[in-house]
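Asks: coords below, sequence missing:
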């Protein structure tokens, strides 16, 4: 059944989008900063995953280390830059994040880090089985993405709703100053927010690296632009909105673009959609004024 | 004692000084941060190249055509700024840059990925010149013109209107400044001047490729404005001279060009958000202090 097959492919694609966009949404929710350097964190995650996988040969270890390192990189980015710009005009952290993005992407392309070439990440499906039904079939790699995404989202959901720091995050996302006034440790909450969001981006980097069996220095560019589209669609700063928007974008890509064909390349169309969205529904499909 | 190489570098610096000054009108005066300036640079370059290659028009017509066409397109592409601000305007302009480059790359009329080649050198009264002192003079004359436009904008009521739009849109509207109109003006002036720079670039290089105008180049121009001092007449000039000449003259800087641009943006935002010689920056304050005559009191606003 091509319809069901398209649908399941779209859901798998959406998984990687969600992981990428969730971090951006979380940062935007609390800091109101468009964290453009998030793309670099995603690439760093994939790179660390590649290093650990070639060294140890174990996918799960590679994923864990990649998430940890990306999380730490995220916290460092916050502590070294945005931390000092919380009260500055909004263009200040914005320009800093553009600078960080250019700097990290350029550094990653140098020979002593990733170099300018694509590298293979042959983890296969990490031993997961192929799922074959009469409706659709999922390759082991797709199963892997689905399992990891759902597991990570469940963990994030539990953290944000059941733990002290998660509740602090929710309060800070509503009103930063008010949350601080009622005793939320903003420094810890924001640092944690960066850790979690960046770890998710790192996981997305590893998963996409495994899925395409390739890791390269500019692999973060395209997913991050799509992540911008997703957080605009989802109404900035809302996690459920992000999930729905990821699914929507993946569905549109799989059904519409793949079947209709196009004059301009796919990504240019995605940007046209973004510009039109910004002009006519700047608060997202679900967001309110 | 001036070799051809030094003159080429000086021509490039002049073109980028023009770009930085023109972006400064939009970002510095009117407060609209744009990551799409390279798109307007490209539209100017492609317009003039097509006018001269496909229609055989003389250089001066191409030049004016590039300025007018880019200005008009800038007005249209500035429309998103009426709906979105700050971060999301940055996204929209970035998107515009991608779409424009995609059009250059995938539409055959614009030469596709192979670009446009054999753009003729400009000629006046049968004397054609590419490079050398005449071209240098032409480029810097246009840079001076751009500076004069910036000066005019900053000293007149247009500048005051831009200023209010930058500081507080609601307040600007309340005192009778039409915010949408001045935003569109800013986009039109800024992109028209960038289009002129694009024409000068295309006729100097002689060939155009879509990849020259990608969004990273927009970041380069933005870095020049921010590094020098956003919203001043001197800052973008100094920023463009330093950031364009350094990679040409120093090998190390060329290899790590984007690392350095990026790091500069971050460092300036951390320590000197007003830029190297912007108003209220450390260097500018000590410089003005140095040259202030004894007995003249502090002039604070």
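Replies: Arrived safely. Just so it is clear, the model here is predicted, and its values are computed rather than measured.
Asks: only C-alpha atoms for contact and neighbour calcs from this point on.
Replies: Fine.
Asks: quick one: the strand or helix carrying residue A:14 near chain B?
Replies: Secondary-structure assignment from DSSP states H and E places residue A:14 in helix A:2-31. No - between helix A:2-31 and chain B, judged by CA under 8 Å from any CA of the partner chain, nothing touches; the nearest distance is 10.3 Å.
Asks: packing partners of the helix or strand just after that helix?
Replies: Past helix A:2-31, further along toward the C-terminus, the next helix or strand under DSSP H and E is helix A:38-56. With contacts taken as 3 or more CA pairs under 8 Å, 6 or more residues apart in numbering or on different chains; DSSP states H and E, helix A:38-56 sits against helix A:2-31, helix A:59-80, helix A:91-108, helix A:186-212, helix A:221-233.
Asks: now residue A:117: how far from residue A:218?
Replies: Using CA to CA, to the nearest Å, one obtains 10 Å as the distance from residue A:117 to residue A:218.
Asks: which of these two has more neighbours?
Replies: Set side by side, residue A:117 and residue A:218 show more neighbours around residue A:218, with 17 against 12, by other CA atoms under 10 Å in any protein chain shown.
Asks: helix, strand or coil for the more buried one?
Replies: Secondary structure, DSSP: H, G, I helix; E, B strand; the rest coil: residue A:218 is coil.
Asks: pop out the phi and psi values for it.
Replies: phi -100, psi 20 (degrees, to the nearest 10).
Asks: residues contacting it?
Replies: Residues in contact with residue A:218 (CA atoms under 8 Å, 6 or more residues apart in numbering or on different chains) are A:43, A:105, A:109.
Asks: with residue A:275 instead?
Replies: Taking CA under 8 Å, 6+ apart as the test, what residue A:275 contacts is B:80, B:92, B:95-96.
Asks: can you report phi and psi for it?
Replies: Dihedral angles for residue A:275 - degrees, to the nearest 10 - are phi -60, psi -40.
Asks: and what of residue B:176?
Replies: Per degrees, to the nearest 10, the backbone of residue B:176 is at phi 100, psi 10.
Asks: count of neighbours near it?
Replies: When neighbours are defined as other CA under 10 Å, residue B:176 has 9 of them.
Asks: deepest-packed of the helices and strands packed on helix A:38-56, please.
Replies: With neighbours taken as mean count of other CA atoms under 10 Å in any protein chain shown, the helices and strands packed on helix A:38-56 reach their highest mean count in helix A:186-212, at a mean of 26.
Asks: off-centre distance for it?
Replies: Offset of helix A:186-212 from its chain centre (CA atoms, centre = their mean, to the nearest Å): 7 Å.
Asks: so which elements touch that helix?
Replies: Here helix A:186-212 touches helix A:2-31, helix A:38-56, helix A:59-80, helix A:140-162, helix A:164-174, helix A:176-181, going by 3+ CA pairs under 8 Å, 6+ apart.
Asks: make a markdown table out of those helices and add mean pLDDT.
Replies: Supplementary listing: the helices and strands packed on helix A:186-212 in a markdown table, determined by pLDDT from 0 to 100:
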| stretch | mean pLDDT |
| --- | --- |
| helix A:2-31 | 84 |
| helix A:38-56 | 92 |
| helix A:59-80 | 93 |
| helix A:140-162 | 90 |
| helix A:164-174 | 86 |
| helix A:176-181 | 85 |
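Asks: quick one, which of these gets closest to residue A:226.
Replies: helix A:2-31 (7.7 Å; CA to CA).
Asks: can you pull the pLDDT of residue 108?
Replies: Here I'm looking at chain A. The model reports residue A:108 with a pLDDT of 89.
Asks: try chain B instead
Replies: On pLDDT, residue B:108 comes in at 82.
Asks: for the one 10 residues further on, same thing?
Replies: The model reports residue B:118 with a pLDDT of 83.
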